[in-house]
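[1] Mind folding the following:
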Amino acid sequence: MRLEITCDDRLGLCQDVLQILRDREIDLRGIEVDPKGKIFLNFPELEFKDFQHLMPEIRRIPNVKDVKTVAFMPSEREHFEFSMLLNKLPDPVMSIDAKGFIDIANDAAGLLLSDTHEHLPGSAITQWLSGFNLLRWLERQPTEPQLSQVTINGAKYFAEMMPIWVKDEQDQTSFAGAVLTCKPQPLSSQWQRTGQHDAFHQLLGEHASMKRLRKEARRMAELNVPLLIQGETGVGKELLARACHQTSSRSGEAFLAVNCAALPDNVAESELFGHGKGSLGPHTEAKKGIFEQANGGTVLLDAVGEMSNGLQAKLLRFIQDGKFRRIGEEQEVAVDVRIICSARDDLLDQVEAGTFREDLFYRLNVLTLQLPPLRERKTDITLLAEHFSLQACQRLGRSLVLLTRECREVLQRYQWPGNVRQLENVLFRSISMLEGDRLEASDLHLPDAAGLHENVAVDLEEGSLDEALKKFESTILRRLYPSYPSTRQLAKKLGLSHTAVANKLREYGIGKQRRKTSPKASK
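    The predicted model follows:
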């Protein structure tokens, strides 16, 4: 039972109220005094006959204006409001005391830290978090916030730690611990304040191949020569190109990306190099191309292998001289642009097939970065999955979703033909359709790549042995090609020569680059 007493301030008023409760042997559970002239009492439920005598007796106390029952104490309301607000936050948030033990943890923190639903309050934070000596930081009784990278359940997070200092009535402060918030990536302003800003931090991965890639990319980013980035679809080639631009001396200028595969031949030259007034029709105005618009900055030519042969020749001359002519004009234009090209792993295959200029390939292939496919760095899948799941929860405005151990195992076993982009899309779709807070393996929406579950067995009753062997061989190649879309990778997997695999793919019409060279491309 809870009472609200409205009164005027008077010395000894609370003592008079407590005396009545003592005389009636009522066990007081709590008392709260509001400076605005209210006293709240919390005690066990009374029988009606006792309660009807208690209320008038309290009203007779001098300066008491009114007494009524209420549903909750002010502190109880604040507690429930605080818990509701805290648990609505998508980021894991915890309060830890000065010794490093968890006092409060929201639902997102519980799902992130404890897969087995262990009781978090009272447990040591070091039991769940590694990568930063939090206890030593607490021992120093810090006054400034700290932002550090930590490891939780094998995934990397950025922990923002805010020290808690409590003031008493004499304005004396005491260190009480810290509030810790975990994020999949830091706010850029926070990271810059700590002096640790790095454009390459978006390229998540602790695998040796990713560490080596970031190290090479940092060196190449400052060089003012063309850069070729190769890798399968969805590995993050544009993300790497942007990081190189942001790290370079051109970071203050424009970064423009062009998808060469999406530009029809009849407009590609105009888009890249521009055109003069009236050159494309009597009423057309002069237009600057992408290279002029990005003067002083960087241009990314995505899917450069899809360029027509004629456009490749003009690009080669521009790379060599730094000059070009707009369509319909004779005057040369000189611009200062760094060119970054991205292509799939089969660019050398296209050179051998005659669909990509050999001289342009070797001009672009001076500085090369190779992004590894996701299946070759499976130790990073959990890290990326945790990052994308938290990102999806934030975009959807929902509480954090826990990836169960079985879910992580399924993600690691999958071959990911679409690489990092596919992983991100799968998790976003799966989480958007999820009703609970635990993502099970059965909740994953993993598309079956064409032919992955195709029966390898062939019917020997029809056709010759040679035809059956070819059908069997074709089935194997079709099953493996989505996961090994480069002939060199597929040849390595099968233990065959690159030429033999390329010929078989061309024979069976597997892969879009196996089309026969058109007369236009061969000129």
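
[2] now the strands for the stretch 251-400 of the chain?
    Remark: strands assigned in the stretch 251-400 of the chain by DSSP state E, counting those that start in this stretch are 255-259, 274-275, 287-288, 298-302, 323-325, 332-334, 338-343, 367-370.

[3] what's the second one packed up against?
    If contacts are counted by 3 or more C-beta pairs under 8 Å, 6 or more residues apart in numbering; DSSP states H and E, strand 274-275 sits against strand 287-288. The way it works is simple: take the backbone N, C-alpha and C, and place the C-beta from them, glycine included.

[4] Could you pull up the mean pLDDT of stretch 407-418?
    What stretch 407-418 shows for mean pLDDT is 88.

[5] Buried residues, it. List them.
    C407, R408, V410, L411, Y414, Q415, W416, P417, G418 (16 or more other C-beta atoms under 10 Å).

[6] How far off centre is that stretch?
    17 Å (C-alpha atoms, centre = their mean, to the nearest Å).

[7] what's the answer for stretch 41-51, then?
    55 Å.

[8] which ones are touching L89?
    L89 is in contact with N106, A108, S399, counting by C-beta atoms under 8 Å, 6 or more residues apart in numbering.

[9] quick revisit: and the buried residues of stretch 407-418, which is closest to P373?
    W416 (7.3 Å; C-beta to C-beta).

[10] what about the closest one, which SS state?
    coil (DSSP: H, G, I helix; E, B strand; the rest coil).

[11] ok so, going back, okay if I get the contacts of L89 as JSON lines plus distance to V67, pLDDT and neighbour count?
    Converted to JSON lines, these look like this (distance: C-beta to C-beta, whole Å; pLDDT from 0 to 100; neighbours: other C-beta atoms under 10 Å):
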{"residue": "N106", "distance to V67": "37", "pLDDT": "86", "neighbour count": "24"}
{"residue": "A108", "distance to V67": "42", "pLDDT": "80", "neighbour count": "27"}
{"residue": "S399", "distance to V67": "41", "pLDDT": "75", "neighbour count": "19"}
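
[12] Ends of stretch 367-386, what's the gap?
    The straight-line separation of the ends of stretch 367-386 (C-alpha to C-alpha, to the nearest Å) is 33 Å.

[13] for it, which positions count as buried?
    367, 369, 371-375, 377, 380-386.

[14] Tell me the one among these nearest to L85.
    Closest to L85, out of all of the buried residues of stretch 367-386 and judged by C-beta to C-beta, is E386, at 24.3 Å.

[15] Return the subset of the contacts of L89 lying in helices.
    A108 (DSSP state H).

[16] quick check, nearest of the contacts of L89 to P56?
    Looking across the contacts of L89 and measuring by C-beta to C-beta, the closest to P56 is N106, at 45.1 Å.

[17] Nearest residue to that closest one in space, please, no chain neighbours.
    L86 (4.3 Å; C-beta to C-beta, 6 or more residues apart in numbering).

[18] so how far is the host helix or strand of K65 off the chain centroid?
    Under the criterion of DSSP states H and E, K65 resides in strand 64-69. Relative to its chain's centre, strand 64-69 lies at 55 Å (C-alpha atoms, centre = their mean).

[19] Give the next helix or strand downstream of it.
    Heading C-terminal from strand 64-69 (DSSP H and E), you reach helix 74-88.

[20] That following helix: which residues count as buried?
    E76, L86.

[21] what do you get for stretch 99-110?
    G100, F101, I102, A105, N106, D107, A108, A109, G110.

[22] these two touch, right, the third one and L120?
    What that stands for is I102. Yes - using C-beta atoms under 8 Å, I102 is in contact with L120, at 5.1 Å.

[23] which residues do these two both contact?
    In contact with both I102 and L120: M94, using C-beta under 8 Å, 6+ apart.

[24] Please report how far R506 lies from F356.
    16 Å (C-beta to C-beta, to the nearest Å).

[25] Neighbour count: those two, which is higher?
    Neighbour totals were compared for R506 and F356, and F356 leads with 24 against 16 (other C-beta atoms under 10 Å).

[26] And that one, how far from L490?
    19 Å.

[27] Low-confidence stretches in the protein?
    Along the chain, the model assigns pLDDT under 70 to residues 115-118, 154-155, 184-198, 279, 281, 448-463, 482-485, 511-523.

[28] Show me it divided up by domain.
    Segmentation of the chain into domains, based on automatic domain parsing, reads 2-76, 89-193, 208-370, 374-443, 465-522.

[29] For Q202, find the nearest of the ones you listed.
    Of all the domains of the chain, domain 208-370 comes closest under C-beta to C-beta, at 6.0 Å.

[30] End to end on that closest one, go ahead and measure it.
    13 Å.

[31] Quick check: R438 touching L402?
    Yes - counting by C-beta under 8 Å, R438 touches L402, with 5.0 Å between them.

[32] Quickly list what's touching both of the two.
    Common neighbours of R438 and L402 (C-beta under 8 Å, 6+ apart) are L111.

[33] more neighbours, those two?
    Shown here are R438 and L402; by other C-beta under 10 Å, L402 has more neighbours (23 against 13).

[34] next one: phi and psi at the more buried one?
    phi -90, psi 130 (degrees, to the nearest 10).

[35] could you list every residue that touches it?
    Here L402 is in contact with L111, L112, D115, D437, R438, L439 (C-beta under 8 Å, 6+ apart).
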